[in-house]
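Trainee: need coordinates for the following:
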Amino acid sequence: MIRIVSSGHGARRTAALLGAALLTTGLPGLVLAGPGRDVLGPVVARADPEGACYERVYDAAHLDRHRGQTIAAVTVRLTRDSITDPEVAGFRMLTRLTLRNAETLHSQAACWWEAGANLGNRRERLVAFVRHDDATRCMAMVEPNSAEEAGDYLIASDPAGRTLMVQNGFSQMRAGPAGARAMRDVSFGPADATLKLHRVAAARCAGLAEVLAEPVRVQNR
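Mentor: Numbers count the residues shown, from 1 in each chain. Predicted coordinates:
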């Protein structure tokens, strides 16, 4: 399972509560922000009301070359439509993963720019594709208004918002009918550790919000 090292349970709990209030490896060619500069916040703010949509569909040749990869497609919607505190510069991230076996998983998270988010307990850099100490951090939640954590990870973008890098830090995701009824533990290997997506038309993210609006009926541990 891919997780971010945190500075302790208290810090993770605080971040989860902030997330509730708000409702991968270095790759060439991606130009990231300098220290202390939030890139994704302005990208989302400039996006259409439907938000900024990103997607990656891995073709058969790619999956054949990467036999350990279980994710066949990724769709992400970044939107400010759930922000409850206008003083906090954050946004919501909705994610759909399609696995090789055609199973679909969904997740929702609150994301915000955080100083030192890419530093561990020993001040080491945690994620290679974020080339500075500060980063956009996302806290996935079981329910939009829940403080129960379902993942903790970093994301980054080029300044123009054309490419989105996602650290696969999902620990629980929605599955079952409509991808929304059951919350279950998930685990991914090294081949799924970093996801590189590209900006696509907002229509490609249609239906994500509706799926995640469904209440969780069952939570498996």
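Trainee: residues making contact with the helix or strand harbouring Ala45?
Mentor: For Ala45, the element it lies in under DSSP states H and E is helix 40-46. If you take CB atoms under 8 Å, 6 or more residues apart in numbering as the criterion, helix 40-46 is touched by 51-52, 78-80, 89-91, 111, 113, 136, 155-157, 160-161. Every residue, glycine included, has its C-beta placed from N, CA and C.
Trainee: in it, what's buried?
Mentor: By neighbour count with 16 or more other CB atoms under 10 Å, helix 40-46 contains the buried residues 40-41, 43-44.
Trainee: how about stretch 92-101?
Mentor: The neighbour-count criterion (16+ other CB under 10 Å) identifies 92-99 as the buried residues of stretch 92-101.
Trainee: of those residues, the lowest pLDDT goes to which?
Mentor: Across those, the smallest pLDDT goes to Arg92, namely 92.
Trainee: quick one: neighbours of Ala191, just the number.
Mentor: Residue neighbour count, defined by other CB atoms under 10 Å, stands at 14 for Ala191.
Trainee: confirm that it sits in a helix.
Mentor: Yes: judged by DSSP: H, G, I helix; E, B strand; the rest coil, Ala191 forms part of a helix.
Trainee: picking that back up, let's see which of the buried residues of stretch 92-101 end up in strands.
Mentor: Cross-referencing the buried residues of stretch 92-101 with the strands (criterion: DSSP state E) gives 92-99 as the overlap.
Trainee: whichever strand or helix holds Glu55 pairs with which strands, and in what direction?
Mentor: Assigned by DSSP H and E, Glu55 belongs to strand 52-57. Its sheet considered, strand 52-57 pairs with strand 71-79 (antiparallel), strand 194-200 (antiparallel) by DSSP bridges.
Trainee: and of these, who's closest to Arg125?
Mentor: The stretch from those with the least distance to Arg125 (CB to CB) is strand 194-200; that distance is 14.3 Å.
Trainee: show residues contacting the closest one.
Mentor: The contact list for strand 194-200 (CB under 8 Å, 6+ apart) reads 24-25, 27, 30, 52-56, 71, 74, 76, 129, 161-168.
Trainee: just checking, next helix/strand downstream of it?
Mentor: Per DSSP H and E, strand 194-200 leads on to helix 208-213 as the next helix or strand towards the C-terminus.
Trainee: strands of the chain, start to end?
Mentor: Secondary structure of the chain (DSSP E): strands at 52-57, 71-79, 90-99, 104-114, 135-141, 149-157, 163-167, 172-175, 182-185, 194-200, 218-219.
Trainee: now the last one: mean pLDDT?
Mentor: What strand 218-219 shows for mean pLDDT is 80.
Trainee: what of stretch 106-114?
Mentor: Mean predicted lDDT for stretch 106-114 stands at 92.
Trainee: which of the strands of the chain sits most buried?
Mentor: Per-stretch averages of neighbours, counted by mean count of other CB atoms under 10 Å, single out strand 135-141 among the strands of the chain, with a mean of 26.
Trainee: list the helices and strands that strand packs on?
Mentor: Judged by 3 or more CB pairs under 8 Å, 6 or more residues apart in numbering; DSSP states H and E, strand 135-141 is in contact with helix 9-22, strand 104-114, strand 149-157.
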